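**Student:** show me the folded form of this:
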Amino acid sequence: MDNNSISLIMMVLLFAVFYFVLIRPQRQKDKKIQEMRRSLKVGDEIITIGGIYGKIVRVKGDDRLVIQTGSDRVKLEMARWSISSLANEAEPGKAEKAEKEEAEE
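**Tutor:** A predicted model of the protein is given here:
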């Protein structure tokens, strides 16, 4: 084998490593986030990308949501893409604690 073919093989191997270590996991994460955003419904507790916790009170079309935040029940209209995660998924201990409290009652 000459230097050119070895260089070509090394470049292909390097690309394959980058694909399986960096690109593929990021695409899977993006798909999961898109699916979560598509499945949002009234009553879901969410966290925005800005760190605001709220509860969805209305879905306006395909790309807008109205959320209620805080004890004074302020309502904010937001773009669907601005939702980072569901609050109970972001804090796994919180959901388990709530289930345990319900079982005790």
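**Student:** neighbouring strands - and their directions - for the helix or strand harbouring residue 67?
**Tutor:** Assessed by DSSP states H and E, residue 67 sits inside strand 64-69. Strand partners for strand 64-69, identified by DSSP bridges, are recorded as strand 53-60 (antiparallel), strand 74-79 (antiparallel).
**Student:** for residue 26, find the nearest of those.
**Tutor:** Within those, the stretch nearest residue 26 is strand 74-79; the backing value is 21.7 Å (C-beta to C-beta). Yep, even glycine has a C-beta here, placed from its N, CA and C like the rest.
**Student:** next, the buried residues of that closest one.
**Tutor:** Taking 16 or more other C-beta atoms under 10 Å as the basis for neighbour counts, the residues of strand 74-79 that come out buried are residue 78.
**Student:** dump it to PDB, restricted to CA.
**Tutor:** Extracted in PDB, the C-alpha atoms of strand 74-79 (Å, rounded to 0.1, in the frame of the first residue of the first chain):
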ATOM      1  CA  VAL A  74     -49.000  35.400  34.900                       C
ATOM      2  CA  LYS A  75     -49.700  34.100  31.400                       C
ATOM      3  CA  LEU A  76     -47.000  34.200  28.700                       C
ATOM      4  CA  GLU A  77     -47.300  33.400  25.000                       C
ATOM      5  CA  MET A  78     -44.300  31.500  23.700                       C
ATOM      6  CA  ALA A  79     -43.000  29.800  20.600                       C
END
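**Student:** quick check: the residue most central in space within the chain vs residue 69, distance?
**Tutor:** For the chain, the residue lying nearest the average C-alpha position, counting by C-alpha atoms, centre = their mean, turns out to be residue 33 (3.8 Å). Between residue 33 and residue 69 the computed distance is 21 Å (C-beta to C-beta, to the nearest Å).
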